[in-house]
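>>> need coordinates for the below:
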Amino acid sequence: MQNLPDLSQIDWAKLLSVSFTLAPAVYKYRGVLARVTDVLAEAVGLAALGGGVYVYTRTLPQIQQAVAQLAADPGLITAERLQTLDQLYFGSVGLMGLGGMLAVFGLIGRIGASLAGHRNRAGAPPRRK
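Residues are numbered from 1 along each chain as shown. Coordinates of the predicted model:
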């Protein structure tokens, strides 16, 4: 119980003043923040996709070698190595899937914002929510 923070020491007035200052700024720049979020999601997605491809290309040949060694000499060390390589392999596939989805959703967000901007500039009335 000694690790819990003492909330009585927080200066609530400063916290409220920062909140009331920050909220209008976030509301004012929400379009820019949405674009930044989409670009950031796309960049992180592409980095994860690249990392997954790198691990996949390094792991797949080693799995084939470990399977051949396990068939020739079924030992505990080879089986443990194969289990570790399997985890790396499936982790890389998951990382590629996650990276691909992040990149695609970031791109979709940017395209959607671009289309909404073109529609608003063309004089079309804004859609109601």
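>>> so which bits of stretch 63-82 are buried?
66, 69, 78, 81-82 (16 or more other C-beta atoms under 10 Å). Every residue, glycine included, has its C-beta placed from N, CA and C.
>>> end to end on it, go ahead and measure it.
6 Å (C-alpha to C-alpha, to the nearest Å).
>>> please work out which residues outside that stretch touch it.
85-86, 89 (C-beta atoms under 8 Å, 6 or more residues apart in numbering).
>>> which one of those residues is nearest Val39?
Tyr89 (30.7 Å; C-beta to C-beta).
>>> state the mean pLDDT of the strand or helix carrying Ala25.
If you go by DSSP states H and E, Ala25 is part of helix 12-28. For helix 12-28, mean pLDDT rounds to 82.
>>> contacts for that helix, please.
Contact with helix 12-28 is made by Leu33, as judged by C-beta under 8 Å, 6+ apart.
>>> quick one: contacts for Leu85?
59, 62-63, 66.
>>> what's the closest non-adjacent residue to it?
Ile63 (4.8 Å; C-beta to C-beta, 6 or more residues apart in numbering).
>>> do you know how far that neighbour is from Gln83?
11 Å (C-beta to C-beta, to the nearest Å).
>>> cool, and Leu76?
10 Å.
>>> what's the answer for Val26, then?
47 Å.
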